[in-house]
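J.: using only what follows, build the 3D model:
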Amino acid sequence: SIMVAMGGRENWNNTRFISWNFFGNRDLVWDKKEERVRIESLKDSITYLVNLKDLTGKVWVKDQLITEADSLNKMLSRGKSIWINDSYWLVMPFKLKDSGVTLKYLGEDTLMNGDRCNLLQLTFNNVGDTPQNKYLVYVDLADNLVKQWAYYSDASQDSANFIRPWDNYKRYGNILLSADRSDGGGPRNVSVQDTMNEKIFSELEN
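T.: Numbering: from 1, shown residues only. Model (predicted):
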């Protein structure tokens, strides 16, 4: 029902390029079809071009191309980890049924604004960078959209590290995404496109 409310699996599968800014720190362009990403880390002037399938690519630090193999491999791994984190903040509702994700229905609850919701618990079976994490996802009864989430750095915790809104949905391409959220955090400047200059995924300047 969540997937349908956000545009449906077919539209999600056919979405090609998604770009966004994460917390003002990083600009990302993700090619979903070819599984590659460009990340521009604004605070430390690092640009990552990462093939997410085989961890090949290029990294520049302050416009200097990294050529030493060990350093490059570490930086490409770091780039993939950044993408895993930053993309989850944008497209988590589309990933609720990924392999290795365990969903548990916890009954009805109330959102911060008082609306009624269904409460889902997400835990992970040896997938992702942080399989010990746990999330609670609050799904609005009225429209089946995720409206709030709680993050637990360890699944055994009783208290959440944070509870944040997942709101301000808009249509991007043929799907709905939550960005520019009411707490000022997370993804912003979101764009979905069908075409993109190939140099974005191969050159420092594009």
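J.: secondary structure class for the residue nearest the centre of the chain?
T.: Residue closest to the average C-alpha location in the chain (C-alpha atoms, centre = their mean): S87, at 1.7 Å. Recorded secondary structure, S87: helix (DSSP: H, G, I helix; E, B strand; the rest coil).
J.: where does it land on pLDDT?
T.: Per-residue confidence (pLDDT) for S87: 97.
J.: from V61, how far out is the residue of the chain most remote from its centre?
T.: Distance from the C-alpha centroid of the chain peaks at E68, with 29.5 Å (C-alpha atoms, centre = their mean). Computed as C-beta to C-beta, to the nearest Å, the E68 to V61 distance reads 11 Å. C-beta: built from backbone N, CA, C; applies to glycine.
J.: please apply the same query to N73.
T.: 14 Å.
J.: L55 now?
T.: From L55 to V61 the distance is 18 Å (C-beta to C-beta).
J.: how about W20?
T.: 23 Å.
J.: between those two, which one's more packed in?
T.: Counting neighbours by other C-beta atoms under 10 Å for W20 and for V61 shows that W20 has the greater number, 24 against 15.
J.: just the pLDDT for that one.
T.: For W20, pLDDT reads 98.
J.: what is whichever strand or helix holds V190 packed up against?
T.: Taking DSSP states H and E as the criterion, V190 maps to strand 187-193. Judged by 3 or more C-beta pairs under 8 Å, 6 or more residues apart in numbering; DSSP states H and E, the packing partners of strand 187-193 are strand 17-22, helix 69-91, strand 169-172, strand 175-178.
J.: what pairs with whatever helix or strand comes next after the longest one, parallel or antiparallel?
T.: Reading on from helix 69-91 to the C-terminus, the next helix or strand found by DSSP H and E is strand 101-110. Strand 101-110 has these partner strands in its sheet, going by DSSP bridges: strand 116-124 (antiparallel).
J.: report the buried residues of the strand it pairs with.
T.: Buried residues in strand 116-124, counted by 16 or more other C-beta atoms under 10 Å: 117-124.
J.: likewise stretch 8-23?
T.: The neighbour-count check on stretch 8-23 (16+ other C-beta under 10 Å) flags 12, 15, 17-22 as buried.
J.: kindly report the same for stretch 177-194.
T.: Under 16+ other C-beta under 10 Å, the buried positions of stretch 177-194 are 177-179, 181, 186-188, 190, 192.
J.: okay, these in a markdown table with pLDDT and distance to R171 next?
T.: Below are those laid out as a markdown table (pLDDT from 0 to 100; distance: C-beta to C-beta, whole Å):
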| residue | pLDDT | distance to R171 |
| --- | --- | --- |
| L177 | 98 | 8 |
| S178 | 98 | 12 |
| A179 | 98 | 11 |
| R181 | 97 | 16 |
| G186 | 95 | 18 |
| P187 | 98 | 15 |
| R188 | 97 | 16 |
| V190 | 98 | 11 |
| V192 | 98 | 9 |
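J.: which pair in the residues you listed spans the largest distance?
T.: Across the buried residues of stretch 177-194, the longest distance by C-beta to C-beta is 17.5 Å; it joins R181 and V192.
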